[in-house]
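*Asks:* Quick one, structure for this:
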Amino acid sequence: MPAINAPPSAVLGQRLRYLREMRGWSQEKVGVEIGLDESSARTRISRYELGVHEPPIATARLLANVMGVPLAYLYCEDEQVASLLLALHHAKPADRQVTITKLFQEMGCLVSPGKLSA
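*Replies:* Now for the predicted structure:
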């Protein structure tokens with residue numbers, strides 16, 4: 001997927017469409033999977049994908065869960081960072097922690113993994 005330089009709703013829409021197509025799912029299936037009514041599911045997902053509407057954060061979280069990705073991936077504008085998010089998300093927890101710790105050390109970060117402030 002190419003780098004995305006767009007508003008958050010467009011970023012989410014492009015990533016959602018990419019994930020949906022990779023799974024071979026219809027827009028209706030995605031909508032039904034997150035609990036939307038079958039009669040409006042396709043239209044709602046289409047509007048999210050086109051960036052016409054941005055889903056509420058609770059809906060975006062449901063979409064991320066159904067697609068098996070972290071919520072941050074759906075909003076990430078940088079493709080390399082998005083790829084890193086996916087790799088970390090799919091890693092075993094112990095491997096994830098080791099990788100994050102090494103990355104923080106190599107970057108000379110003052111913030112410890114898991115801490116929000118320095």
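*Asks:* show me what contacts V32?
*Replies:* 38, 41 (Cβ atoms under 8 Å, 6 or more residues apart in numbering). Bear in mind the C-beta positions are built from the backbone N, C-alpha and C, glycine included.
*Asks:* Secondary structure element holding it?
*Replies:* Taking DSSP states H and E as the criterion, V32 maps to helix 27-33.
*Asks:* cool, Q14 as well?
*Replies:* helix 8-23.
*Asks:* Touching that helix from outside, list them.
*Replies:* Here helix 8-23 makes contact (Cβ under 8 Å, 6+ apart) with 1, 4, 6, 26-27, 30, 45, 48-55, 60, 63, 67, 69, 73-77, 82.
*Asks:* Now which of those residues would you call buried?
*Replies:* By neighbour count, with 16 or more other Cβ atoms under 10 Å, the contacts of helix 8-23 hold 4, 27, 30, 45, 48-49, 51, 54-55, 60, 63, 67, 69, 73-76, 82 as buried.
*Asks:* For the closest residue to S40 other than its chain neighbours, give me the pLDDT.
*Replies:* If the residues on either side of it in the chain are set aside, S40 comes closest to G31, at 7.3 Å by Cβ to Cβ, 6 or more residues apart in numbering. G31 is assigned a pLDDT of 98 by the prediction.
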